[in-house]
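In: give me a model of this one.
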Amino acid sequence: MSFSVDKPAEIEAFLATNNYLSGSHLPDGKDAQVYLDLKGNIPNKSETPNFYFWSLNLSVFSEPLLKKWIEDVKPAASKESSKKAEKKADDDDLFGSDDEEETKKLEEMKKKKAEEAKKAKKKVIAKSIVIFDVKVFEQEQDLDELAKRILQIEMDGLMWRTEYKLVEIAFGMKKIQMGCTIEDDKVSTDDLFDKILAWEDEVQSVDIVSFQKV
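Out: So this is what the prediction gives:
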């Protein structure tokens with residue numbers, strides 16, 4: 001099934017029962033393509049709330065990573081064609097000129113960029129996006145108040161996403177769905193969930209919906 005930003009109602013209907021356009025608990029190239037097609041235009045929160053929260057989930061991923069997801073879902077033949085085109089372009093760049101000095105400069109630039117990329121990789125901090133559900137005991141519990149208290153939890157390496165939503169389970173019962181970004185070396189989901197479960201008279205369970213490396 002394909003999706004278009006020109007048909008937000010179809011996307012909203014699909015996301016009402018799915019976390020991502022991929023149809024699974026993790027986003028893929030379908031999600032990446034629609035998010036990039038939005039071109040920074042955030043969906044209307046009141047008209048398409050699920051589409052809106054979905055866009056917030058996707059906003060934490062870098063554009064290069066999103067484009068990689070799109071490439072990953074392309075047919076193998078398309079990938080092979082793309083590789084050949086890239087190789088030809090590289091060959092043209094390196095050998096298209098008979099000027100030996102120009103070729104030398106290109107080689108030096110290529111080497112410099114490779115060194116810069118290597119240095120940049122060393123500085124990357126491993127992070128993950130965690131989306132989770134918080135279930136309570138009573139239908140009458142104030143879920144907004146509980147969500148605000150959860151968002152006040154502080155840990156080194158924990159970055160909350162201040163938007164959350166209340167999802168109906170059954171018979172009037174609802175759960176809180178919220179998310180955060182964590183630095184893998186500093187925060188474990190077990191430690192975070194233990195802090196939430198410490199309100200044992202109010203919180204029944206905390207369950208991971210999706211866990212995505214950034």
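In: from Ser22, how far out is Gln33?
Out: Shown here: Gln33 relative to Ser22, a distance of 11 Å by Cβ to Cβ, to the nearest Å. In short, each C-beta sits where N, CA and C put it, glycine included.
In: now do Thr189
Out: 22 Å.
In: now do Ile196
Out: From Ile196 to Ser22 the distance is 27 Å (Cβ to Cβ).
In: these two: which is more packed in?
Out: Using other Cβ atoms under 10 Å as the criterion, Ile196 and Ser22 rank with Ile196 on top: 19 against 16.
In: which strand or helix spans that one?
Out: Assigning secondary structure by DSSP states H and E places Ile196 in helix 189-197.
In: counting by contacts, list what the very next helix or strand once past that helix packs against.
Out: Of the helices and strands lying after helix 189-197 in sequence (DSSP H and E), the nearest is strand 203-213. The contact analysis (3 or more Cβ pairs under 8 Å, 6 or more residues apart in numbering; DSSP states H and E) places strand 203-213 against strand 127-136, helix 189-197.
In: what is the neighbour count of the closest residue in space to Ile169 that isn't next to it in sequence?
Out: Spatially, and ignoring its direct neighbours in sequence, Ile169 is nearest to Lys175 (5.6 Å; Cβ to Cβ, 6 or more residues apart in numbering). By the criterion of other Cβ under 10 Å, Lys175 has 20 neighbours.
In: bridge partners for Lys175, pull those for me.
Out: Lys135, Val167 (DSSP bridges).
In: how close does it get to Ser59?
Out: Relative to Ser59, Lys175 is positioned 23 Å away (Cβ to Cβ).
In: equivalent analysis for Lys104, please.
Out: 43 Å.
In: closest one to Gln212 among the helices and strands packed on strand 203-213?
Out: strand 127-136 (4.7 Å; Cβ to Cβ).
In: elements contacting that closest one?
Out: By 3+ Cβ pairs under 8 Å, 6+ apart, strand 127-136 packs against helix 143-151, strand 173-183, helix 189-197, strand 203-213.
In: most tightly packed of the ones you listed?
Out: strand 173-183 (a mean of 19; mean count of other Cβ atoms under 10 Å).
In: using PDB, write out the CA atom coordinates for it.
Out: Output of strand 173-183 as PDB, limited to C-alpha atoms (Å, rounded to 0.1, in the frame of the first residue of the first chain):
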ATOM      1  CA  MET A 173      -9.900   2.400  29.800                       C
ATOM      2  CA  LYS A 174      -7.000   4.300  28.300                       C
ATOM      3  CA  LYS A 175      -3.200   4.200  28.300                       C
ATOM      4  CA  ILE A 176      -0.600   6.800  27.900                       C
ATOM      5  CA  GLN A 177       1.700   6.500  24.900                       C
ATOM      6  CA  MET A 178       4.900   8.600  25.100                       C
ATOM      7  CA  GLY A 179       8.500   8.600  24.000                       C
ATOM      8  CA  CYS A 180      12.000   9.800  24.600                       C
ATOM      9  CA  THR A 181      15.500   9.700  23.200                       C
ATOM     10  CA  ILE A 182      18.200   8.100  25.300                       C
ATOM     11  CA  GLU A 183      22.000   8.000  25.100                       C
END
